[in-house]
Structures are given as structure tokens and as C-alpha cells.
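Visitor: here is a sequence together with a model predicted from it:
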Amino acid sequence: MPNFKSIDSEWTRRKLLTTGTAGILGMSLPQLLAVETSSAALGSAAAKRVIVILEQGGLSHIDTWDPKPDAVAEHRSPFRPISTTVPGMQFTSLLPRTARIAHKLAVVRSMHHNKGGADAHPNGTQYALSGAHPSSILEMPDVGSVVSLLMGANNPSLPPYVMIPGNSEQAAETRTGFLPKSMSVFKTGGSDLSNQKWEVADLLARVDNSGSRLNNRQQLLESLDHRFASDLDKAGLHGMDRFYEQAFNSLTSQEVAHAFDLSQESENLRDAYGRGHRGSCYLLGRRLLEAGVRFVTIDVRWPLTSETPGGFNLNWDHHDLIYTPGSCGTVRDKAGGEGRYGIGHWVMMGSTDRAFAALVHDLDERGLLDETLVCFISEFGRTPRLNKFAGRDHWTNAYSIAFAGAKTPGGQIIGESDRDGGYVVSQAYTPEDYATSIYEKLGVDRSLPLFTSAQRPVHFGHLGQPIAELF
């Protein structure tokens, strides 16, 4: 993936355009101008990097961020409100560790979808990733892809936009839209990152292609380019060589291998994040931010293991038996919640609470939180009423997300849902507002459009307004 900020001084914008290299890089003149403008704005931005925790499946807001102790008894959550480090700010008892960092958090309890058509997991996830309703005539790219285009990476050996691990069915909802495919998210893969044998796919050289053999192949490529290219082709080849150079940098860089090596972390810190897949994913996210990745998305669910029988789809889609202490069952019972464990189980909210609190604290301890925007999101919430299968169904009329870092005022609740958590009653916000807030935190100039391959201007982030309380 091209790192536009790393284009050396020899290759000025004029030279890129006159040689055609800009086209090979997937950039038009307007996009180059947008890159230049956004790069200039970066110095004054509150955020230099973003990490999105996408706990996909429709996390129940009334069981976590937005407790409703006065709800009707037969539909009330069994997880009671608990105090936090902020007087009057309460979460449920499923978030005891997160409650200790509440003074660093801004929780938006008034998220909703203001139009239909994004109430299933695929289109809901696409909505969350792009901040653009999936019913749009033109398919819009992920926020991470837009940021990749306009800001590039801090480290030329690493992709600017990474998803960890990116192997669930909803991870397929990532989009580049009308942007070049070079803006695609890089997915690390890995069903269980806590496994000591796990290593990132595609960024590390295969054993049989490492060392001198890889160097010999690079020299052979350079020799062939030089020998067979005409003068007219050399400009284009020089542009393509930038891709090859970046690929070789990634495959040979010790820094890349180090960034993905969780064994570099202390045993105490591994414990703090939680042993297991989720804690490892969150910890890897922090390592990649520290190594120079601009935009990280964590899309994680616990793997099926011998310790979790029946847990073959451990996301938050709790259509049945949401409060069971173990497995929700393995046989479809018309509700669609099979393959899950109850929300209160360790592999569900227990591991999430631990990993999220550790991530925020760790970023803060390392001096990274001030310039890192942390977003905890889900594609929608769950119904305020239990269904006949003792579960909660998809709900887009009210749900919660949370933010930390990048000079976000912490210790605040933004917006309100009604007594049952069914509808927003104040300060209503949408996924468009969420995406616009990310762009605003990064200092991206939303007045400048992006362009399709046919040079059609497309505005982005203009259908929402920044969530004012985050600034």
C-alpha cells in the first residue's frame, strides 16, 4: 500500500503527473491536492491515529453502557448498575474494570439509525465501517480507507489501515468503494492470536523465500526492468517499483516482524489484557499503533476451543438465552442465537471489559492516548424487551458507543435513551456523525471532495455533524 507522505522530494507532484506515476499509484490530480492539504492539516489535529473496537453482532447497550434499573421487571437486565470513577456515571456490573477508567471515557447513549435498511449484520457492519448508509447509490469506502488515502501511514513498511484479525463473516463488509484497491484494509488473519504459533499472514517472507533468495529475486526484477523497458515505459515502471519496494521493505523489515510479535510484551501486561484471543487482538492493536499504523480496527470473536463447547460463533447476536451462564445451544431454535455463550460469560463481556480497560490504560501509560482516538462501537443494539426465546433481537432505535483519547473530554455521558432503552430522547446521533467526528479529530478537510476513476467529485463525511461533546 502506498505511503503518500513518504514520497521523496525527487518526485514532486509535477513530476508524478508528467510521468504518469500518479495514475499507477491510483491518484488523480484532485486526490494529490487533497493529500497535500490533509497532510498540512495533520500537524494541528487532535488525533494522529485511530483504533476502532468493533464488537460486532449488536452488543446489548442496556446490559453494558446504559443500565435501566427502572425498566419493566420481566424485561430488565439482571446486571445491576455499578458506580464508576465519575460521580453519577454508572455502567452495569459487566463492566467493573471499565468503570475504573470512566473518567477517560465519553459514552454516547443516543446512537440510532434515522432510516431503515441497515438492521442486519452485513449492512449494519458496512454502515459502521464507512459511516455512510449502505443504501447510497454510490458505494462509499471505509473510514479507514479514506484516511489511508489522505494521510498514509507513519511507517512506510506497514499498511496504513489494518484489521485484526479480519476473518469473521462480517469482516467481508470492508469496502474501498470508488477508491483505488490499494486503499484496501490489510487483514492479519488468525483464528486465535493467543496461540504461540500464530504469525501474521502475507507481511512476513516465507521461509523458502527469505534471506539471500529474496534479495536475488529483487535484483533479478531490477535487471529485467532495466533491460527490457523502453524509455516510455521507464516512468511507469519507476512508479510500479514503489509498490515492489514497499513490499520488499515489509518482507525484510525486522521492524515489521517485531510489531506483530506479542512475545515482546511482559507477562504482566499479557495478563492485564487477558490471556486468550480477545486480549491478544487488543494488545496487537496497540503494538501496531505504536509501530506507525494509522488506522486499526479490531473485529474479534472468541474462537471455538475445547474450553468453549458449542461456541462456534461467539459474537453479540444474542437472539436467545442472552443470560445463560454457558452456551446458548448449538441447534437452531428459530431465534438464530445458536453458537454463542451468554453475555455474562468470561469469553464474552468478561474478556471484553478486561481488554478494553487495559488498552485505554496502556495507551495512557505510554503517552499515546493524547494523540490516539479510541472508538468502541457495535453496528446496533438489542431490543429493550426479551423475546420468547429469552433473548434480545436487533435494535437500531437506540444504542451506545464510547470514545477515549485525542483530547476527548472524559467522564461524560452524551445523550439519553428512555426508561427502557428503546428510543433516544436527547442529543440523537447517527453513524454519519460518528464518522464525521473521526475525520474532524484527524484534521481531515471535509470541504475537499474525493474523486472516482472517472474524475467525478464525491464528498465524504458531509452527511453528519461532529459529535460536539467530543471536542
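Guide: Received the coordinates, thanks. Numbers count the residues shown, from 1 in each chain.
Visitor: wait, is Glu307 part of a helix?
Guide: No - using DSSP: H, G, I helix; E, B strand; the rest coil, the assignment for Glu307 is coil, not a helix.
Visitor: so Asn167 sits against Trp198, correct?
Guide: No - judged on CB atoms under 8 Å, Asn167 makes no contact with Trp198 at a distance of 11.8 Å. (C-beta placed from N, C-alpha, C; glycine too.)
Visitor: which neighbours do these two share?
Guide: Counting by CB atoms under 8 Å, 6 or more residues apart in numbering, the residues touching both Asn167 and Trp198 are Gly190.
Visitor: which residues in the stretch 351-471 of the chain form strands?
Guide: In the stretch 351-471 of the chain, the strands defined using DSSP state E, counting those that start in this stretch lie at 372-377, 381-382, 394-395, 399-404, 412-414, 416-417, 424-426, 450-451, 457-458.
Visitor: for the fifth one, name the packing helices and strands.
Guide: Using 3 or more CB pairs under 8 Å, 6 or more residues apart in numbering; DSSP states H and E as the contact criterion, the elements in contact with strand 412-414 are strand 105-111.
Visitor: repeat for the second one
Guide: Identification of packing neighbours for strand 381-382 by 3+ CB pairs under 8 Å, 6+ apart yields strand 394-395, strand 399-404.
Visitor: switch the cut-off to 7 Å
Guide: Of the remaining helices and strands, none touches strand 381-382 by 3 or more CB pairs under 7 Å, 6 or more residues apart in numbering; DSSP states H and E.
Visitor: rewinding a little: in JSON lines: the strands of the stretch 351-471 of the chain, plus mean neighbour count and distance to Ser327.
Guide: Rendered in JSON lines, the data for the strands of the stretch 351-471 of the chain read as follows (neighbours: other CB atoms under 10 Å; distance: least, CB to CB, whole Å):
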{"stretch": "strand 372-377", "mean neighbour count": "25", "distance to Ser327": "26"}
{"stretch": "strand 381-382", "mean neighbour count": "30", "distance to Ser327": "19"}
{"stretch": "strand 394-395", "mean neighbour count": "20", "distance to Ser327": "21"}
{"stretch": "strand 399-404", "mean neighbour count": "26", "distance to Ser327": "25"}
{"stretch": "strand 412-414", "mean neighbour count": "20", "distance to Ser327": "34"}
{"stretch": "strand 416-417", "mean neighbour count": "20", "distance to Ser327": "30"}
{"stretch": "strand 424-426", "mean neighbour count": "15", "distance to Ser327": "33"}
{"stretch": "strand 450-451", "mean neighbour count": "20", "distance to Ser327": "46"}
{"stretch": "strand 457-458", "mean neighbour count": "12", "distance to Ser327": "46"}
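Visitor: and those strands: which comes nearest Ser93?
Guide: Ser93 lies closest to strand 399-404 among those, at 16.0 Å (CB to CB).
Visitor: okay, the angle between the closest one and strand 105-111?
Guide: Orientation of strand 399-404 against strand 105-111 (axes from the mean of the first three to the mean of the last three CA atoms, to 10 degrees) gives an angle of 160 degrees.
Visitor: which neighbours in the sheet does strand 399-404 have, and how are they oriented?
Guide: Take DSSP bridges as the rule and strand 399-404 pairs in its sheet with strand 105-111 (antiparallel), strand 372-377 (antiparallel).
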